[in-house]
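Trainee: Here's a sequence, model it:
(2 chains)
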Amino acid sequence: MPITTTIPDAVPVDTAQKRPPGPGPAIKVSGLVKTYGDVRAVDGVDFEVTAGTVLGLLGPNGAGKTTVVRVLTTLLKADAGEVVVDGIDAIGDPTRLREHIGLAGQYASVDESLTGLENLVMVGRLYGMKRKRAKERGKELLADFDLSDASDRMVKKYSGGMRRRLDLAAALVAKPPVLFLDEPTTGLDPRSRLDLWAMIEQLVADGTTVLLTTQYLDEADRLADDIAVIDHGKVIAQGTPAELKNQVGGERLEVTLDDPAQAPQAIEALRALCAEDPVAEGTTVTLAVTQRKGTIVQAVTRLNDAGVGVSDIGVRTPTMDDVFLSLTGRAVETEEPVEQEEAA
Amino acid sequence: MRRLVTDTLITAERNLIRLPRQPDLLSAFTIQPIMFVLLFVYVFGGAIATPGFDGSYTDFLIPGIIVQNIAFGGFVTAIGLVEDLNKGLIDRFRSLPMARAALLAGRTFADVFTNLVSMTILVITGLIIGFSFDAGPGDILIGVLLLLLFGYAFSWVFAFLGMLVSTPESANALGFMVVFPLTFISSAFVQPESMPDGLQWFAEVNPFTVIVDEMRELWLGVPGGSLWQSVVWALVITAVFAPLAVWRYRQSAERA
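Mentor: Residues are numbered from 1 along each chain as shown, chains lettered A, B, ... in the order given. All right, here's what the predicted structure looks like:
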């Protein structure tokens, strides 16, 4: 079993060691419903997360992702359905479940007027640790998250990236076997995102099961073993990132023209290379490729013979953006990462 | 139950650590009250008649203004709770295996300490400008305890108010709108006999008047107070507002 450490002086925290052994679903959700008045925010959601893997919950704003996480972390009561996390009935026994999970939220939920260490000590003590043990654990985590130098500084003075790391550290104080990350990198600069991703990957390598919600498709692509796409409170697709991409379609050839006026000639020249007609949009002509080998050479030759000027050409595999667009009929709404810091 | 006590103490400790680091909040219950005492004594004092107090408005005022300050001590709770809600800290606490009531109980418990601090500051200010006790140490101590009990009751009022609103600013505005008139239409600053009929009636049944009159009896030996009525008021306010606050706290979890 990956997580073997226990919290020595915790009040009956029967965390890691009492888990049923062997890989099984660490999270099992079936028929989950949560309504707000007439709105069915979550409308019959089912999914499982295998122990030691990452499930990415993907969906546009308001799709119900956060509501699912809030129900699974006992912050909200479900109206119907079953939720079992780490072998515990989340709806029937929320108090016990709280000893087995960690939550890092969309908003860095740490106390700004406390120092990094004070925050972790407080959380540790609220998990039932003695002050001394909580302090040791806090220092350990600060070191792990590269925050030792800032341990006695007020969180107010932390950068966005440092706050998120502290938030994640706070979720890990009791070494929970199951971790919930609700949009962990929203609003972070690229460098901090990469750092945080590496830290999450390390946790998973050590055996933690993670449920992650995100609006960033590249984040889901990189971290998630499985992805569940949620829209209008329902899971509309589920699978590995590769499976979902295949579902959308194969590779495409993308040609960027020098002059958009030449699009008709380009379409004419490329028609023989594919079953469906190429599509032109602005300076870009796209066609579904049946066979990758030699396609680019043939395309360039044909375009050259037809006298079409090309500024760029390449074979493109579908991205999670394509998956998302084809499943939900709209692009994922993301703001650009803010808080740009030196990405040296 | 042991968990509730431990977690309440942990939360209270958190709030007390935070306090000195928030200068604006700190000044609200240290410098501001001193300012009010000086303004009342030196600006209005000469114009307000207080028969039965040897012509000393300072003696009349100090118990009243301390009661007013203690009532406002719960502000720290209201503002803190709104901030915690807005910043997602409440979600963190709720996801922890801690006693649910501890978050509120810890807040209000921390107020007892801040109230003790602001009470001390006011008494010292009063002594400097001429206030003097006319009571034995026993009665003075009972007065302190009564003040703390009353302050604790109002912390629950503010805990409830804090969870009715969505920003610290509106918590401030609402608190002032509700509590300020209550404290002024009482015997805290002037004698109710000087007010018009309607106000006078209100001032006489106002719990603030009951507490202030009892404080004057305990600290100055001026008859007219009732200890048991004061205690009952404090208990009734707590019994009404603590469950309301807990109810709002539960409800606020059901936000999307």
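
Trainee: When you work out contacts or count neighbours from here on, use the C-alpha atoms and nothing else.
Mentor: OK.

Trainee: excluding its backbone neighbours, what's nearest residue A:138?
Mentor: With sequence-adjacent residues excluded and distances taken as CA to CA, 6 or more residues apart in numbering or on different chains, residue A:138 is closest to residue A:120, at 5.2 Å.

Trainee: do you know how far that neighbour is from residue A:200?
Mentor: 18 Å (CA to CA, to the nearest Å).

Trainee: if I pick the closest residue to chain B within the stretch 151-300 of chain A, what's in contact with it?
Mentor: Closest approach between the stretch 151-300 of chain A and chain B, counting by CA to the nearest CA: residue A:171, at 8.5 Å. Counting by CA atoms under 8 Å, 6 or more residues apart in numbering or on different chains, residue A:171 makes contact with A:101-104, A:179.

Trainee: if we can go back for a sec, looking at residue A:120 and residue A:200, which is more packed in?
Mentor: residue A:120 (30 against 20; other CA atoms under 10 Å in any protein chain shown).

Trainee: coming back round to it: the residue nearest to residue A:138 contacts residue A:134, doesn't it?
Mentor: Yes. With contact defined as CA atoms under 8 Å, residue A:120 reaches residue A:134; the gap is 7.4 Å.

Trainee: Show me which positions of stretch B:109-116 end up buried.
Mentor: In terms of neighbour count (16 or more other CA atoms under 10 Å in any protein chain shown), stretch B:109-116 has its buried residues at B:109-112, B:114-116.

Trainee: brain fart, stretch B:187-196
Mentor: The neighbour-count check on stretch B:187-196 (16+ other CA under 10 Å) flags B:187-192 as buried.

Trainee: Also stretch A:258-274?
Mentor: Going by 16+ other CA under 10 Å, stretch A:258-274 has these buried residues: A:260, A:262-263, A:266-267, A:269-270, A:273.

Trainee: Likewise for stretch A:131-147?
Mentor: Here stretch A:131-147 shows A:131, A:133-135, A:137-139, A:141-142, A:145, A:147 as buried, counting by 16+ other CA under 10 Å.

Trainee: which residues sit against that stretch?
Mentor: Contacts for stretch A:131-147 (CA under 8 Å, 6+ apart): A:9, A:116-117, A:120-122, A:124-125, A:148, A:151, A:162, A:165-166, A:169, A:173, A:199.

Trainee: try 7 Å this time
Mentor: A:117, A:120-121, A:124-125, A:148, A:151, A:165, A:169, A:173 (CA atoms under 7 Å, 6 or more residues apart in numbering or on different chains).

Trainee: For those residues, please prepare JSON lines with the additional fields secondary structure and pLDDT.
Mentor: Listed next are the contacts of stretch A:131-147 as JSON lines, based on DSSP: H, G, I helix; E, B strand; the rest coil; pLDDT from 0 to 100:
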{"residue": "A:117", "secondary structure": "helix", "pLDDT": "97"}
{"residue": "A:120", "secondary structure": "helix", "pLDDT": "96"}
{"residue": "A:121", "secondary structure": "helix", "pLDDT": "97"}
{"residue": "A:124", "secondary structure": "helix", "pLDDT": "95"}
{"residue": "A:125", "secondary structure": "helix", "pLDDT": "96"}
{"residue": "A:148", "secondary structure": "helix", "pLDDT": "94"}
{"residue": "A:151", "secondary structure": "coil", "pLDDT": "95"}
{"residue": "A:165", "secondary structure": "helix", "pLDDT": "91"}
{"residue": "A:169", "secondary structure": "helix", "pLDDT": "94"}
{"residue": "A:173", "secondary structure": "coil", "pLDDT": "94"}
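
Trainee: pLDDT below threshold where in the stretch 151-256 of chain B?
Mentor: Applying pLDDT under 70 to the stretch 151-256 of chain B flags residues B:253-256.

Trainee: Dump the helix or strand encompassing residue B:92 to CSV, restricted to CA.
Mentor: Counting by DSSP states H and E, the element that carries residue B:92 is helix B:89-94. Provided in CSV are the C-alpha atoms of helix B:89-94 (Å, rounded to 0.1, in the frame of the first residue of the first chain):
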residue,chain,number,x,y,z
LEU,B,89,-11.9,29.5,4.5
ILE,B,90,-15.3,28.2,5.8
ASP,B,91,-15.1,25.5,3.2
ARG,B,92,-11.7,24.4,4.4
PHE,B,93,-13.0,24.3,8.0
ARG,B,94,-16.1,22.4,7.0
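
Trainee: After that helix, which helix or strand is next?
Mentor: helix B:102-128.

Trainee: just to revisit the earlier point, which single one of the contacts of stretch A:131-147 is nearest to residue B:213?
Mentor: For those, the closest approach to residue B:213 (CA to CA) belongs to residue A:125, at 43.5 Å.

Trainee: what about that closest one, distance to residue A:174?
Mentor: 10 Å.

Trainee: Looking at neighbours, which among the contacts of stretch A:131-147 is most surrounded?
Mentor: Per-residue neighbour counts (other CA under 10 Å) across these peak at residue A:120, which has 30 neighbours.

Trainee: Distance of it relative to residue A:160?
Mentor: Taking CA to CA, one finds residue A:120 at 17 Å from residue A:160.

Trainee: With residue A:111 instead?
Mentor: Residue A:111 is 14 Å from residue A:160, by CA to CA.

Trainee: neighbour count winner among these two?
Mentor: Comparing residue A:111 with residue A:160 by other CA under 10 Å, the one with more neighbours is residue A:111, at 24 against 21.

Trainee: so who does that one touch?
Mentor: A:119, A:155.

Trainee: and it, which of the three is it?
Mentor: Counting by DSSP: H, G, I helix; E, B strand; the rest coil, the backbone at residue A:111 sits in coil.

Trainee: middle-most residue in chain B, spatially?
Mentor: Compute the mean C-alpha point of chain B, and by CA atoms, centre = their mean the closest residue is residue B:71, 1.9 Å away.

Trainee: Please name every helix or strand in contact with the helix or strand where it lies.
Mentor: Element membership for residue B:71, per DSSP H and E: helix B:57-72. Other elements packing on helix B:57-72 under the criterion 3 or more CA pairs under 7 Å, 6 or more residues apart in numbering or on different chains; DSSP states H and E are helix B:102-128, helix B:137-162, helix B:207-220.

Trainee: Around chain A, pick out the residues from chain B.
Mentor: Listed as neighbours of chain A in chain B under the rule CA under 7 Å from any CA of the partner chain: B:7, B:10, B:18, B:21, B:87-89, B:91-92, B:94-98, B:253-254, B:256.

Trainee: Any of these buried? List them.
Mentor: The neighbour count (16+ other CA under 10 Å) marks B:7, B:10, B:18, B:87-89, B:91-92, B:94-98, B:253 as buried among these.

Trainee: on that earlier part again, give me the angle between the helix holding residue B:71 and helix B:137-162.
Mentor: Calculated by axes from the mean of the first three to the mean of the last three CA atoms, to 10 degrees, helix B:57-72 forms an angle of 40 degrees with helix B:137-162.

Trainee: next structured bit after helix B:57-72?
Mentor: Downstream of helix B:57-72, the next assigned helix or strand under DSSP H and E is helix B:75-86.

Trainee: What's the first helix or strand after the helix or strand containing residue A:265?
Mentor: For residue A:265, the host element (DSSP H and E) is helix A:263-270. Heading C-terminal from helix A:263-270, the first helix or strand you meet, by DSSP H and E, is strand A:279-281.

Trainee: that older thread, which residue is the nearest non-sequential neighbour of the residue of the stretch 151-300 of chain A closest to chain B?
Mentor: residue A:102 (4.4 Å).

Trainee: So which bits of the longest helix along chain A are buried?
Mentor: For chain A, the helix reaching the highest residue count under DSSP state H is reported as helix A:190-205. By neighbour count with 16+ other CA under 10 Å, helix A:190-205 contains the buried residues A:190, A:192-193, A:196-197, A:199-201, A:203-204.
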